[in-house]
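Structure here, sequence nowhere to be found:
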């Protein structure tokens with residue numbers, strides 16, 4: 001199953017099968033695994049994708065803060 005990864009540094013989206021530490025192929029920064037799988041993500045229109053990515057990034061940031069990262 002493909003997973004959706006987002007680079008908050010260069011705003012690129014990648015679809016990957018593996019789940020190890022993923023670095024952006026463009027800038028080498030760590031990527032965020034988005035919560036929707038590929039099949040659901042690709043059904044969203046452009047506006048829905050932007051909103052979804054923004055919400056997922058906020059969740060990721062809040063999780064990092066709670067962990068103390």
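Received it, and whenever you're ready, just let me know what you need. All figures in this text were calculated on a predicted structure; none of them were measured in a lab.

contacting residues around residue 42?
For residue 42, no contacting residues are found, by CB atoms under 8 Å, 6 or more residues apart in numbering. Just so you know, the C-beta spots here come from the backbone N, C-alpha and C atoms, and that holds for glycine as well.

And the pLDDT at it?
As predicted, residue 42 sits at a pLDDT of 96.

From the chain's centroid, how far away is stretch 7-15?
Centroid separation between stretch 7-15 and its chain, computed with CA atoms, centre = their mean, to the nearest Å, is 7 Å.

I misspoke; the intended subject was stretch 54-66.
Offset of stretch 54-66 from its chain centre (CA atoms, centre = their mean): 11 Å.

Off-centre distance for the longest helix along the chain?
Longest helix in the chain by number of residues (criterion: DSSP state H): helix 46-67. Mean C-alpha position of helix 46-67 versus that of the full chain (CA atoms, centre = their mean) differs by 8 Å.

helices and strands around it, which ones?
strand 3-6, strand 32-37 (3 or more CB pairs under 8 Å, 6 or more residues apart in numbering; DSSP states H and E).

Identify all contacting residues around the helix or strand bottoming out on mean pLDDT in the chain.
Least confident element among the helices and strands of the chain, by mean pLDDT, DSSP states H and E: helix 46-67 (a mean of 86). Helix 46-67 is contacted from outside by 6, 8, 32, 34, 35, 36, 41, 44, using CB under 8 Å, 6+ apart.
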